[in-house]
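Chemist: A predicted structure for the sequence below; I have some questions about it.
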Amino acid sequence: MSAFERWQAANNRYLANEIAGLRARLERLAASAASDAAEPSWRQRWLKPAEASSPAAPAVAVVEAGEDADDAPTPALVVLARRLQLSDFERDVLLLCAAMELDTRIAPLCARAQADANKPYPTFALALALFDRPAWDALSPERPLRYWQIVNVHQSMTQALVASALRADERIVSYLKGANYLDDRIAPLVGALPEYDGDAPPSLQACVDAIVERLHAADAPIVELVGSDPASKRLVAARVADALNLRVCRIGADAIPQAPAELEALARLWQRECALLPLALYVDAYDADRAGSAGAAVQRALGAFSGLVFFDVREPWPRVARETLPVDVAKPLPAEQRALWLAALGDEHAPTAARVAVHFDFDAATIARAAELSLALANGDADQVPALAWAQCVAHARPVLDQLAQPVEAKATWDDLALPDAEKSLLRQIADQVEHRGTVYDDYGFRARMNRGLGISVLFAGESGTGKTMAAEVIANALGLLLYRIDLSAVVNKYIGETEKNLRRLFDAAECGGAILLFDEADALFGKRGEVKDSHDRYSNIEVNYLLQRMEAFRGLAILATNMKSALDGAFVRRLRFIVKFPFPGLPEREAIWRRALPAGLATGAIDYARLARFNLTGASIHSIALNAAFLAARANAPLSMPLLLDAARTEFRKLEKPVSDGDFRWLERAEGAA
């Protein structure tokens, strides 16, 4: 028999003996009520001592013959009475109400003892007459029975308080029987923290040790976990709770009642649960608006909830009602992430562990899951692990990023670029710096010397259609990373403060998933500073400053694209690492673009690429003409021909509102005449 089974058996014997003693008391009170007709009515009899109030026969002890009383397990009723500070009388009232739920013989005895067949239930009047040392204030809202919702009073509009039915709370009855579970009024509001069985990285274990030491030295404060990685903060909280033998329940800021009365009821229930279970609370306010109604509810809750409370925030909140222990928690350090990957994948995959640790910024649990899934999918084929691990990492942040920015499918390659050699060289340098940043920052020791962040911020400047987006695609494709476009001309949200929040989520997700960010229309936000004329301008400047700060702190690649480099603020431009100019394509570049615009294997007639290159068009327009001409060929069920290309070119010129002269399309007219 297990220790719990032994305790449960002893607890059941104790409870049965206590209820047997209670039945004996009720029997004597019922007999007294039936035989003494000269006494006043039963409703008044509780005002003076009754014979039935004398102690019943001593309850049979839990301890069996020959058992040492000091070693006997403590019954649940005794534990509850001690933890919730019940008086002897209040404990007896609870026993009476609980017995009503556990023993069908109690109800008729209650009716007989009260000389009222309509009262087959406990009342306060019955308790006052039944037990020793009765106390009128036992039913006060401030005394434990009602304060902790141990006993509920069911009182009708016309019924006296002492004559109202008393009923034990279901959770309390279950506790007395040995079923100790979280109250079902709290359970739907909270959840468990994610499990992680591995060792905490040293930097996080240091946080755990510091918190545990502080909690051992003083009463439990609010532990304010500050930082941008909720997963690491949850791991710290879970390990602290493990060290203190506590179970952590997480509650979101949106689940905290905003009505004061509802919050007070929840706080009392939680405090009661903390007395019955080893609990700690994790208040998740990471995305909560401090200035909003949810933030105000969180502030009130922090003052109301007792016991150990972990408070998850991105940045420190103003002083709350209780003592607060702020602790900064970050993701595992780069070297720790590399060690986690190596431990999860195995020594044979050390190069893969090193590469993914450089490009992605994951917490310990995410690394463990990604590595486990990669090895499972590889099914013993070690050659597949590098690609599978990379794919798992890339896919991790996609769901969040897809909500915040426009994904760009990166298919273009270096061969698709039609740029001067100097610009191509700059683009390759950018890709190389992203690929080899781990070597430079960590192996060469430059990380310790960097004071402006480890990211790479670059500017692509040139007219629309000159290849800025394609260049971003080429870099993303070469590195195997996701690419997302953000339109900065619409970045300032009409709801003040939402832009900063969304940018924060965007940068966090991109940094985690190694994504490349392409900010379009950079001049819309980073133009030369002008006069602040209204609140919109003021908040625009706030968003600009925040974006600048995040770009410098961003450890990935951020690309800003503009059509008007001259309109950009000079101080901003100087903070960029690279500036790549995208000139209007010259004749050789246009011919190269034309040759790559038509897919290999496409059925064509004789194409005069030199003739087409004389059209003064950007690469984007050339690709548009090629696509439209292909549709014309499909309609005619004929090979793609020069006449169709020139016809599509004429349409493109008109779309761009460029002047169209007959001489530009004279070849087309000669071809038509010959036909």
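Modeler: Nice, I can see it.
Chemist: Which pLDDT value goes with the closest residue to Phe507 other than its chain neighbours?
Modeler: Excluding the flanking residues, the one nearest Phe507 by C-beta to C-beta, 6 or more residues apart in numbering is Arg550, at 4.8 Å. C-beta here means a position set from N, CA and C on the backbone, and glycine is covered the same way. Arg550 is assigned a pLDDT of 82 by the prediction.
Chemist: hang on, Glu591 packs against Ile607?
Modeler: No: using C-beta atoms under 8 Å, Glu591 is not in contact with Ile607, being 11.0 Å away.
Chemist: quick one: the strands in the stretch 201-350 of the chain?
Modeler: 222-226, 247-252, 279-284, 309-313, 324-328 (DSSP state E, counting those that start in this stretch).
Chemist: Out of these, which is the most enclosed?
Modeler: Highest mean neighbour count of the strands of the stretch 201-350 of the chain: strand 309-313, a mean of 25 (counted as mean count of other C-beta atoms under 10 Å).
Chemist: orientation of it relative to strand 222-226 in degrees?
Modeler: 20 degrees (axes from the mean of the first three to the mean of the last three C-alpha atoms, to 10 degrees).
Chemist: Where do the helices of the stretch 351-500 of the chain begin and end?
Modeler: 364-378, 385-396, 398-404, 421-435, 437-438, 468-479, 498-513 (DSSP state H, counting those that start in this stretch).
Chemist: quick revisit: look at Glu591 and Ile607 and report which has more neighbours.
Modeler: Glu591 (19 against 15; other C-beta atoms under 10 Å).
Chemist: which stretch of helix or strand covers that one?
Modeler: helix 587-597 (DSSP states H and E).
Chemist: Go ahead and measure how far that helix is from the middle of the chain.
Modeler: 49 Å (C-alpha atoms, centre = their mean, to the nearest Å).
Chemist: mind giving me the domain ranges of the protein?
Modeler: 3-176, 187-328, 334-396, 408-582, 587-674 (automatic domain parsing).
Chemist: Those: which one's closest to Asp402?
Modeler: Nearest to Asp402, of all the domains of the chain, is domain 408-582, at 8.4 Å by C-beta to C-beta.
Chemist: buried stuff in stretch 118-137?
Modeler: 119-131, 134-135 (16 or more other C-beta atoms under 10 Å).
Chemist: Closest to Glu264 out of these?
Modeler: Among the buried residues of stretch 118-137, and counting by C-beta to C-beta, the member closest to Glu264 is Phe124, at 23.9 Å.
Chemist: Apart from its chain neighbours, what residue comes closest to the closest one?
Modeler: Per C-beta to C-beta, 6+ apart, closest to Phe124 is Val162, 4.6 Å.
Chemist: which regions of this protein lie under the pLDDT threshold?
Modeler: 36-72, 220, 320-321, 451-453, 489-498, 524-544, 567, 569, 662-675 (pLDDT under 70).
Chemist: How about the contacts made by the residue most central in space within the chain?
Modeler: Nearest to the mean C-alpha position of the chain, by C-alpha atoms, centre = their mean, lies Pro230 at 6.2 Å. Applying C-beta atoms under 8 Å, 6 or more residues apart in numbering to Pro230 gives the contacts Asp284, Tyr286, Asp312.
Chemist: Dig out what the first one forms beta bridges with.
Modeler: Just to be clear, that refers to Asp284. Following DSSP bridges, Asp284 is listed with bridge partners Gly252, Asp312.
Chemist: isn't it right up against Ala253?
Modeler: Yes: look at Asp284 against Ala253 with C-beta under 8 Å: they come within range, at 6.4 Å.
Chemist: How about the longest helix seen in the chain, which residues are buried there?
Modeler: Using DSSP state H, we find that the single longest helix of the chain is helix 3-35. The neighbour-count check on helix 3-35 (16+ other C-beta under 10 Å) flags 7-8, 10-11, 13-15, 17-19, 21-23, 25-30, 32-33 as buried.
Chemist: With stretch 327-336 instead?
Modeler: Val327, Val329, Lys331, Pro332, Pro334, Glu336.
Chemist: next one: stretch 169-176
Modeler: So, applying 16+ other C-beta under 10 Å, buried residues of stretch 169-176: Asp169, Arg171, Ile172, Val173, Ser174, Tyr175, Leu176.
Chemist: can you list contacts of that stretch?
Modeler: By C-beta under 8 Å, 6+ apart, stretch 169-176 touches 15, 76-77, 80, 94, 98, 101-102, 149-152, 180-181, 183-184, 276.
Chemist: Got a ChimeraX select line for the buried ones in the residues you listed?
Modeler: Those of those that count as buried under 16+ other C-beta under 10 Å are selected in ChimeraX with:
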select :15,76,77,80,94,98,101,149,150,151,152,183,276
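Chemist: Tell me which entries of the contacts of stretch 169-176 lie within strands.
Modeler: Taking DSSP state E, the ones among those that sit in strands are Val151, Asn152.
Chemist: In helices, which of the contacts of stretch 169-176 fall?
Modeler: Leu15, Ala76, Leu77, Leu80, Leu94, Ala98, Glu101, Leu102, Leu276.
Chemist: okay but the last one is in contact with Asn180, surely?
Modeler: Yes: Leu276 lies in contact with Asn180 (C-beta under 8 Å); the separation is 6.4 Å.
Chemist: before we move on, what SS does the nearest residue to Asn152 once chain neighbours are set aside have?
Modeler: Leaving aside its sequence neighbours, Asn152 sits nearest to Arg167 (C-beta to C-beta, 6+ apart; 5.2 Å). Here Arg167 is strand, with the state taken from DSSP: H, G, I helix; E, B strand; the rest coil.
Chemist: just checking, Arg167 touches Gln149?
Modeler: No: if you go by C-beta under 8 Å, Arg167 and Gln149 don't touch, sitting 10.8 Å apart.
Chemist: shared neighbours, those two?
Modeler: Residues touching both Arg167 and Gln149 (C-beta under 8 Å, 6+ apart): none.
Chemist: residues touching Val474, list them.
Modeler: Ala410, Ala412, Thr413, Trp414, Asp416, Leu417, Leu427.
Chemist: coming back round to it: out of the buried residues of stretch 118-137, which two are the most distant from each other?
Modeler: Pro120 and Ala135 (25.0 Å).
Chemist: quick revisit: export the helices of the stretch 351-500 of the chain as a markdown table, with columns for distance to Leu269.
Modeler: Formatted as a markdown table, the helices of the stretch 351-500 of the chain follow (distance: least, C-beta to C-beta, whole Å):
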| stretch | distance to Leu269 |
| --- | --- |
| helix 364-378 | 30 |
| helix 385-396 | 37 |
| helix 398-404 | 34 |
| helix 421-435 | 52 |
| helix 437-438 | 50 |
| helix 468-479 | 52 |
| helix 498-513 | 32 |
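Chemist: mind checking which of those is nearest Arg290?
Modeler: helix 498-513 (11.7 Å).
Chemist: gap between the residue nearest to Phe507 and Ala107?
Modeler: 68 Å (C-beta to C-beta, to the nearest Å).
Chemist: What of Asp402?
Modeler: From Asp402 to Ala107 the distance is 61 Å (C-beta to C-beta).
Chemist: got it, and Leu281?
Modeler: Leu281 is 39 Å from Ala107, by C-beta to C-beta.
Chemist: what do you get for Gly570?
Modeler: The value you get for Gly570 to Ala107, if C-beta to C-beta is used, is 87 Å.
Chemist: Ok, Arg504 next?
Modeler: For Arg504 relative to Ala107 (C-beta to C-beta), the value is 61 Å.
Chemist: can you check His623 too?
Modeler: 86 Å.
Chemist: Neighbour count: these two, which is higher?
Modeler: His623 (18 against 15).
Chemist: Check whether the more buried one sits in a helix, strand or coil.
Modeler: helix.
Chemist: right, and it touches Leu598 too?
Modeler: No: His623 is beyond contact range of Leu598, at 9.9 Å (criterion: C-beta under 8 Å).
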